[in-house]
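1. Give me a 3D structure for the following:
(2 chains, ligands or ions: 2)
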Amino acid sequence: MVRFENVGMRYGLGPEILRDVSFTLEPGSFHLLTGPSGAGKTSLLKLIYLAERPSRGAIWMFDREIATTPREELPALRRRIGVVFQDFRLLDHLTVFENVALPRRVMNELESSYRAEVEELLSWVGLGNRLNAKPATLSGGEKQRVAIARAVVAKPELLLADEPTGNVDPDIGGRIMRLFIELNKLGTSVLIATHDQRIMERVPAQRLFRLAEGRLTTANAADAVLAEAKRA
Amino acid sequence: MPGDSASGATLHTIVAVMSFLACLTLGAVLTLSRLAADWTEGLSGSVTVQLLPSPQISPEDQMKEALRLVQQWPGIFAAKPLGRAEAEKLLEPWLGEGNVIGDLPVPQLIEVTLTPGKPVELEGLGKALADGVPGAHLDDHKRWNEELASFAASSEAVGWAVLLLIGVATLAIVIYATQAGLQAHREIVEVVHMIGARDVFIASEFQRHFLWLGLRGGLIGLTLAIATLLGSSFFVDSREAPVGAQYMPQFVTAPQHYIWLFFVPVVIGLIAMYTARFTVLRVLGRMP
Ligand SMILES: Nc1ncnc2c1ncn2[C@@H]1O[C@H](COP(=O)(O)OP(=O)(O)OP(=O)(O)O)[C@@H](O)[C@H]1O
Ligand SMILES: [Mg+2]
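-> Numbering: from 1, shown residues only, chains lettered A, B, ... in the order given. Ligands and ions are numbered 1, 2, ... in the order given. Below is the predicted model of the structure:
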């Protein structure tokens, strides 16, 4: 589903933020991405949701090599990915309902075809009575849930969440995690960037990607190193 | 897609002001060019024959002879002798009312109207008059005519130049305002892009928004401009007519010219629309 091979990345002419990053995400998998602040977690997610280009290496998304995929075909790939941004990135001039419906609208769907689904989704995250509120009038936790609803409204095959429990109390954090696990059971691959210790404790170690100083250590990579060592 | 905000109000104001200026200038230039055409046409439509007192011929015979000559000349529509009273009236502006002394040998005048659209051999007529009737002289207003025509032409040219400048300024300001407006919506462009919208989808949302913004602002400016033009013509009409005021009522934008003014908001709307499209596509083009 997602495959990185020796990917490096830098912003403009700055230093390399990511170095030799290689990993694979299988369909239906569930992974956490951890690492200290500034390690490059958000940057790695940006590469996956095709908001930045790698400065070297190769990325496959849904079996397409990105560098050789024509730009016009990227939107179709992005639509298969749902993103919960670290800073939510809700559109202030739209209501809660319109924000959540946005991914369906950009696919040129008619409102009648998604209205009921959006409303159902919003009541599922506990915002059924705030459909017409503007984001500015919401609390941090409420915004987060709107952002999550928007990320999943188009039934993505891959869900990326950047610090989804960063702004909420442990209780809501737990509910959000249960939501992701639920979605994962329904077949969505999930990758969550976090340094929330409580979340990490709930996930088996082999599902942990660690990012430090631009390098990624994965369970697969550890396995590969082990395998290599055995062969030697 | 983006709602109306404070920056939207500023944009409307800027667009409305530029539309107002462009409409006023266009109205003035169109009126000026019509005026120029009227002047030139009105003056070249008539000539005058002056009969200076001559010892060789009595004034009555002089008039009779001249009239006969003029009336049979090809292309002449009408020839009308001006009576002494009328001649005096014509001289009044120069000599003052009641100052035309009774026994002053005032030249007799014949007002000659040319058939419109028909070329007249005026030079030949002038020569025939000078040769055939002592003291007769044809005044074809040529000098006056040429001066007026060149005045009209040069003021018209200045008008078009001002219009061109206003047009360029409007273009630049509408483009700038649209880009500034889009800058405020950059976050929207980015988010919608990352959600999987195609470039043309995003561009078309913005270009529709800015088309309406341009049209609305443009129409506000147009309305104010028409109000100003109508107001000024009302003012001219209601004034005591001073010297030269016979031209003033014409300095009113003709109904057919108002139709041209309606193109201003349309053009402004289209400029805003294409600027928005171009800018959004360029911003998106820099994203992966
Ligand atoms: N748009 C950008 N332009 C230039 N440098 C950037 C940009 N975004 C991030 N960086 C730099 O890249 C590095 C990694 O940033 P990134 O946001 O990926 O870290 P992170 O792991 O998500 O941190 P956090 O846990 O605080 O969210 C940082 O040193 C940051 O300063
Ligand atoms: Mg981050």
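
2. and chain A, which residues reach ligand 1?
-> Contacts of chain A with ligand 1, taken as CB under 6 Å from any ligand atom, map to A:Tyr11, A:Gly14, A:Ile17, A:Gly35, A:Ser37, A:Gly38, A:Ala39, A:Gly40, A:Lys41, A:Thr42, A:Ser43, A:Gln86. (C-beta placed from N, C-alpha, C; glycine too.)

3. Give me the pLDDT for the first one.
-> Per-residue pLDDT puts A:Tyr11 at 92.

4. same deal with the fifth one?
-> On pLDDT, A:Ser37 comes in at 87.

5. SS state for residue 27?
-> Going with chain A. coil (DSSP: H, G, I helix; E, B strand; the rest coil).

6. now swap in B:Val120 and tell me
-> B:Val120 ends up coil, using three-state DSSP.

7. again with B:Ala152
-> helix.

8. for the residue nearest the centre of chain A, helix, strand, or coil?
-> By CA atoms, centre = their mean, chain A has its centre lying nearest to A:Leu160, at 1.0 Å. Three-state call for A:Leu160 (three-state DSSP): strand.

9. what sits against it?
-> A:Leu45, A:Ile48, A:Tyr49, A:Ile81, A:Gly82, A:Val83, A:Val84, A:Ala151, A:Leu191, A:Ile192, A:Ala193 (CB atoms under 8 Å, 6 or more residues apart in numbering or on different chains).

10. Next, the buried residues of the strand or helix carrying A:Leu216.
-> Element membership of A:Leu216, judged by DSSP states H and E, is strand A:215-217. Neighbour counts over strand A:215-217 (16 or more other CB atoms under 10 Å in any protein chain shown) mark A:Leu216 as buried.

11. helices and strands around it, which ones?
-> strand A:16-25, strand A:208-212 (3 or more CB pairs under 8 Å, 6 or more residues apart in numbering or on different chains; DSSP states H and E).

12. among those, where is the model least confident on average?
-> strand A:208-212 (a mean of 87).

13. quick one: that strand to strand A:16-25, angle?
-> 170 degrees (axes from the mean of the first three to the mean of the last three CA atoms, to 10 degrees).

14. picking that back up, for B:Thr13, find the nearest of the helices and strands packed on strand A:215-217.
-> strand A:16-25 (43.9 Å; CB to CB).

15. okay, that closest one in CSV with CA atoms only?
-> In CSV, the C-alpha atoms belonging to strand A:16-25 read as follows (Å, rounded to 0.1, in the frame of the first residue of the first chain):
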residue,chain,number,x,y,z
GLU,A,16,18.0,16.8,5.3
ILE,A,17,15.1,16.3,7.7
LEU,A,18,14.7,12.6,6.7
ARG,A,19,17.5,10.3,5.7
ASP,A,20,17.4,6.9,4.2
VAL,A,21,13.8,6.2,5.3
SER,A,22,12.6,2.7,4.2
PHE,A,23,9.4,1.0,5.3
THR,A,24,6.3,-0.7,4.1
LEU,A,25,2.7,-0.3,5.1
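
16. Can you name the element that comes right after it?
-> In N-to-C order, the element after strand A:16-25 by DSSP H and E is strand A:30-34.

17. does ligand 2 sit close to that following strand?
-> No - using CB under 5 Å from the ion, strand A:30-34 stays clear of ligand 2, coming no nearer than 9.7 Å.

18. Now do that strand against strand A:158-162, angle only.
-> Going by the same axes, to 10 degrees, strand A:30-34 makes 30 degrees with strand A:158-162.

19. After the lengthiest helix in chain A, heading C-terminal, what element do we hit next?
-> Counting residues, the longest helix in chain A under DSSP state H turns out to be helix A:170-185. Sequence order places strand A:189-193 as the next helix or strand after helix A:170-185, per DSSP H and E.

20. what's that next one packed up against?
-> strand A:30-34, helix A:41-48, strand A:158-162, helix A:170-185.

21. In a markdown table: the ones you listed, plus mean pLDDT.
-> Shown next, in a markdown table, are the helices and strands packed on strand A:189-193 (pLDDT from 0 to 100):
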| stretch | mean pLDDT |
| --- | --- |
| strand A:30-34 | 91 |
| helix A:41-48 | 94 |
| strand A:158-162 | 94 |
| helix A:170-185 | 85 |
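
22. Deepest-packed of the ones you listed, please.
-> strand A:158-162 (a mean of 24; mean count of other CB atoms under 10 Å in any protein chain shown).

23. Restricting to C-alpha, output that strand in PDB.
-> C-alpha atoms of strand A:158-162 as PDB (Å, rounded to 0.1, in the frame of the first residue of the first chain):
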ATOM      1  CA  LEU A 158      -5.300   4.800   4.500                       C
ATOM      2  CA  LEU A 159      -5.800   7.000   7.500                       C
ATOM      3  CA  LEU A 160      -3.000   9.300   8.700                       C
ATOM      4  CA  ALA A 161      -3.400  11.100  12.000                       C
ATOM      5  CA  ASP A 162      -0.800  13.600  13.300                       C
END
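
24. Helix A:170-185 and that strand, what's the angle between them?
-> Using the same axes, to 10 degrees: strand A:158-162 against helix A:170-185 is 160 degrees.

25. Is strand A:158-162 in proximity to ligand 2?
-> No - on the criterion CB under 5 Å from the ion, strand A:158-162 is out of touch with ligand 2, staying 5.6 Å away.

26. Partner strands of that strand, with direction?
-> Sheet pairing for strand A:158-162, assigned by DSSP bridges, gives strand A:81-84 (parallel), strand A:189-193 (parallel).

27. so which of those strands comes closest to ligand 2?
-> strand A:189-193 (6.3 Å; CB to the ion).

28. Okay, now the unreliable bits of the chain?
-> You didn't pick a chain, so chain A it is. A:167, A:205, A:219-232 (pLDDT under 70).

29. switch to chain B, that's the one I care about
-> Checking chain B against pLDDT under 70 turns up B:1-8, B:38-45, B:84, B:87-106, B:116-119, B:141-145, B:233-254.

30. What's the nearest residue in it when you look at ligand 1?
-> B:Glu190 (11.7 Å; CB to the nearest ligand atom).

31. hang on, that residue packs against B:Met287?
-> Yes - between B:Glu190 and B:Met287 a contact is recorded at 7.3 Å, counting by CB atoms under 8 Å.

32. For chain A, which residue gets nearest to ligand 2?
-> For chain A, CB to the ion, closest residue to ligand 2: A:Thr42, 3.1 Å.

33. Roughly how far does that residue sit from A:Gly141?
-> 20 Å (CB to CB, to the nearest Å).

34. cool, and A:Ala39?
-> In terms of CB to CB, A:Ala39 sits 25 Å off from A:Gly141.

35. Neighbour count for the two, which is higher?
-> Counted by other CB atoms under 10 Å in any protein chain shown, A:Ala39 and A:Gly141 do not tie: A:Ala39 has more neighbours, with 22 against 18.

36. which element is that one on?
-> Here A:Ala39 is assigned to no helix or strand, by DSSP H and E.

37. Let me see the contact set for the residue lying closest to it once chain neighbours are set aside.
-> Spatial nearest neighbour of A:Ala39, chain neighbours left out: A:Leu211 (4.4 Å); criterion: CB to CB, 6 or more residues apart in numbering or on different chains. By CB under 8 Å, 6+ apart, the contact set of A:Leu211 is A:Leu33, A:Thr34, A:Gly35, A:Ala39, A:Gly40, A:Lys41, A:Leu44.

38. give the contact list for the last one.
-> Neighbour list for A:Leu44: A:Met9, A:Leu18, A:Val21, A:Leu33, A:Ala193, A:Leu211, A:Leu216 [criterion: CB under 8 Å, 6+ apart].

39. Understood, closing this out.
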